[in-house]
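Trainee: Next one to model:
(chains A, B, C and D)
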There are 2 protein chains.
Amino acid sequence: MAAKARQQTENKAEADAGKTVKTQTTKVSRNPQRTHATILDAATEEFAAHGFGGARMDAIAARAQTNKRMLYHYFGDKEGLYLAVLEASYATIRNAEKQLDLARRHPEEGMRELALFTWRHFLAHPEFLSLLATENLHHAHYLQRSDKVSAMHSHLIDELADVLRRGEVLGIFRPAVDPISVYLTIAALGFFYLSNRHTLSTIFARKLTSPDALNDWGEHIVAVTLASIRA
Amino acid sequence: MAAKARQQTENKAEADAGKTVKTQTTKVSRNPQRTHATILDAATEEFAAHGFGGARMDAIAARAQTNKRMLYHYFGDKEGLYLAVLEASYATIRNAEKQLDLARRHPEEGMRELALFTWRHFLAHPEFLSLLATENLHHAHYLQRSDKVSAMHSHLIDELADVLRRGEVLGIFRPAVDPISVYLTIAALGFFYLSNRHTLSTIFARKLTSPDALNDWGEHIVAVTLASIRA
DNA sequence: CCAACTTGTAACCAAATAGTTATATCATGC
DNA sequence: GCATGATATAACTATTTGGTTACAAGTTGG
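Mentor: Numbers count the residues shown, from 1 in each chain, chains lettered A, B, ... in the order given. The predicted structure follows:
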């Protein structure tokens, strides 16, 4: 993962203001932020790959090229680390959503954009899907007690509601379509395909992850979504 | 679970042919099939609730009201037990599918029936969904090496293809619709809603599991599926 | 330039965990 | 009616696991 690569490169980029610029080459140099971030990345991989119960603190420490003491130092305990991973993953998608600007688009184009955005985000962040699956296995136990995640609510539903209303006014979308149902439909089609691709391709003996297949499914999501709301 | 209830009731129903009918009331009576089945039920619960890594052999033994030695006796090791659980779960759905007879139905009715069947099966077997999620976390590692599961292939796709073809002939469905895509669409809408209901209801602050909500979503699946294939 | 604090390492520990062994008891074919 | 194998119990073991402690070394404010 990227964290490992940026290891011995940038070292305190702002602390050397006027001081002796001996960016020491001793093997053990400090960088709390980097260590924190590296641990978080490693933990994300480990929890996504093995679930909460299957994840090993030792393995995370090894992945992050540090030791367990640091995990407990920065994150308290296994649950605290898991929660931090979950919150960071949600923060990533909430942040990405900001790039969307559906307000000035034709409703049909807006719907297409929203569906493809969701699909592409899932594609780019498979660890997010795995974490969601894990968290749901635990009945969202950790998510519920996260004040951070509940604080960063998505504007997606509001934007979607606006697109639907404008489509309705234009007479191209059915009236009174429920935006949450539409969002769930888009998310379901993307999530299921990617999250369950391993069992599905085993059962159906079909390759689901070739670039073409992935592209086709993105278009399928758009087509199904539009068909379901068109007047 | 049901296994516990049927504990001290039926005991060797055929072995008492002419022999002394002292169906002994000693606390320790034997019944290998029941023990086997009870362990499987308990393991299904445990693996579905905690995933493979989080499941505990001791907990399964306790749930089944037996001891670890029996788990290893009947299933070899943890992986063997997990695989048996997975195979039994697939056998359940394959078995249920036999009740479907879409061939003599009007295509539109057939599609409705297929979608609702899938939805109802997911509703009735939440543990199947959890196991699927867990198995996909492990990239279908265990499913791939199961000759049992690959042997019991579903006829659902064949039946679905037939329904689609008849609908096409009648001019009500679009031509050349891919049956696997249609099945994935139906499964996705059901799976995602149920599997992710905990995080979803946390994020959207909406109750998704009331009887009405569940029924509505079933109808939503039917509506979306039909809209996506109609001519 | 040094006292106070932060960041890091490695060895350690108690509890938990998958798997085993010793042994007892039931069922049944002969 | 009993030898034999299958079914059951509980105590045991080697290893792993989450979490801790002792201590070393880097960093920084006064």
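Trainee: For the rest of this, base every contact and every neighbour count on C-alpha atoms.
Mentor: OK.
Trainee: Residue A:176 falls within a strand, correct?
Mentor: No. The assignment for residue A:176, made by DSSP: H, G, I helix; E, B strand; the rest coil, is coil rather than a strand.
Trainee: Look up how far residue B:222 lies from it.
Mentor: Remark: distance between residue A:176 and residue B:222 (C-alpha to C-alpha, to the nearest Å) = 18 Å.
Trainee: These two: which is more packed in?
Mentor: In terms of neighbours (other C-alpha atoms under 10 Å in any protein chain shown), residue B:222 is the more surrounded of residue A:176 and residue B:222; the figures are 22 against 11.
Trainee: pLDDT score for that one?
Mentor: Per-residue pLDDT puts residue B:222 at 98.
Trainee: Give me the distance between it and residue B:118.
Mentor: Residue B:222 is 11 Å from residue B:118, where distance means C-alpha to C-alpha.
Trainee: does the biggest helix by length in chain A come close to DNA strand C?
Mentor: Longest helix of chain A, by residue count under DSSP state H: helix A:32-54. Yes. Helix A:32-54 comes into contact with DNA strand C (C-alpha under 7 Å from any atom of the strand), by way of A:32, A:35, A:36.
Trainee: Quick check: closest non-adjacent residue to the last one.
Mentor: Excluding the flanking residues, the one nearest residue A:36 by C-alpha to C-alpha, 6 or more residues apart in numbering or on different chains is residue A:74, at 6.8 Å.
Trainee: buried set for the strand or helix carrying residue A:114?
Mentor: Residue A:114 belongs to helix A:107-124 when assigned by DSSP states H and E. In terms of neighbour count (16 or more other C-alpha atoms under 10 Å in any protein chain shown), helix A:107-124 has its buried residues at A:107-108, A:110-119, A:121-123.
Trainee: name the element the spatially most central residue of chain A belongs to?
Mentor: Using C-alpha atoms, centre = their mean, the residue of chain A that lies closest to the mean C-alpha position is residue A:128, 4.1 Å off. According to DSSP H and E, residue A:128 maps onto helix A:126-137.
Trainee: Report the angle between that helix and helix A:107-124.
Mentor: Angle, helix A:126-137 to helix A:107-124, by axes from the mean of the first three to the mean of the last three C-alpha atoms, to 10 degrees: 90 degrees.
Trainee: picking up where we left off before, any quick ChimeraX command for the buried ones out of the residues of helix A:32-54 next to DNA strand C?
Mentor: Applying 16+ other C-alpha under 10 Å to the residues of helix A:32-54 next to DNA strand C, the buried members can be selected in ChimeraX as follows:
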select /A:35,36
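Trainee: Pipe the residues of helix A:32-54 next to DNA strand C into TSV and attach distance to DNA strand D and pLDDT per row.
Mentor: Formatted as TSV, the residues of helix A:32-54 next to DNA strand C follow (distance: C-alpha to the nearest atom of the strand, whole Å; pLDDT from 0 to 100):
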residue	distance to DNA strand D	pLDDT
A:32	9	78
A:35	12	84
A:36	15	89
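Trainee: Alright, that wraps it up for me.
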